[in-house]
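Participant: I would like to see how this sequence folds:
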Amino acid sequence: MSHTKYQDSFPLRAEGLARDGLTDQDISTALGISPSTYYAFQKRHPEFAAAIRRGKSPVDTKVENALLRRALGHTSRETHLEDIVDRKTGEITETLKRKVVIKQVAPDISAAIFWLKSRRPEKYRDKSESGLTAEIKLQFDRDDEKL
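Facilitator: Below is the predicted model:
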């Protein structure tokens, strides 16, 4: 069922769906509208667009933090538990802490490359420069080094 008329409930619903991590396509489907109508509503109804941004923001931040953590490497701590089982009944009678394991997770080069290309595209990009633009940039880089 496709709604073509904007509904006052859309902003609140869309914000919640975005916060749950749904894509724009998934949000439009959940609201019962086509993707083109979804984008048109964002242009015509600023409160709708703002609600979607508010919903996506916490999820985007979590993903950014996870990507950065992966790019830099990190230490994780795991607690391994051991259950004590009654031999007669087979029931677990007690759970004891067995040991704590600290794991070092190495930096992920792919995550680091993605982060740098996204955050500093002027410095880390795939396309190569040629001609006068490259010569000017090289001169600027040399001047920066002298400072």
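
Participant: what about residue 12, distance to residue 20?
Facilitator: Separation of residue 12 from residue 20 (Cβ to Cβ, to the nearest Å) stands at 13 Å. All C-beta atoms are positioned from the backbone trio N, CA, C, and that covers glycine.

Participant: oh sorry, the question was meant for residue 75
Facilitator: 30 Å.

Participant: dump the residue contacts of residue 104.
Facilitator: Counting by Cβ atoms under 8 Å, 6 or more residues apart in numbering, residue 104 touches 73, 75.

Participant: hey, C-alpha coordinates of whichever strand or helix holds it in CSV?
Facilitator: Assessed by DSSP states H and E, residue 104 sits inside strand 92-105. The C-alpha coordinates for strand 92-105 follow below in CSV (Å, rounded to 0.1, in the frame of the first residue of the first chain):
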residue,chain,number,x,y,z
ILE,A,92,24.9,-26.8,37.0
THR,A,93,25.5,-26.0,40.6
GLU,A,94,27.8,-23.1,40.4
THR,A,95,29.6,-20.9,37.8
LEU,A,96,33.2,-19.9,38.6
LYS,A,97,35.4,-17.4,36.8
ARG,A,98,38.0,-19.5,35.0
LYS,A,99,40.3,-16.9,33.5
VAL,A,100,40.6,-13.5,32.0
VAL,A,101,42.1,-13.4,28.5
ILE,A,102,43.4,-10.1,27.0
LYS,A,103,43.6,-10.1,23.3
GLN,A,104,45.5,-7.5,21.2
VAL,A,105,43.6,-6.9,17.9
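
Participant: next secondary structure element downstream of it?
Facilitator: Using DSSP H and E, the next helix or strand after strand 92-105 towards the C-terminus is helix 109-119.
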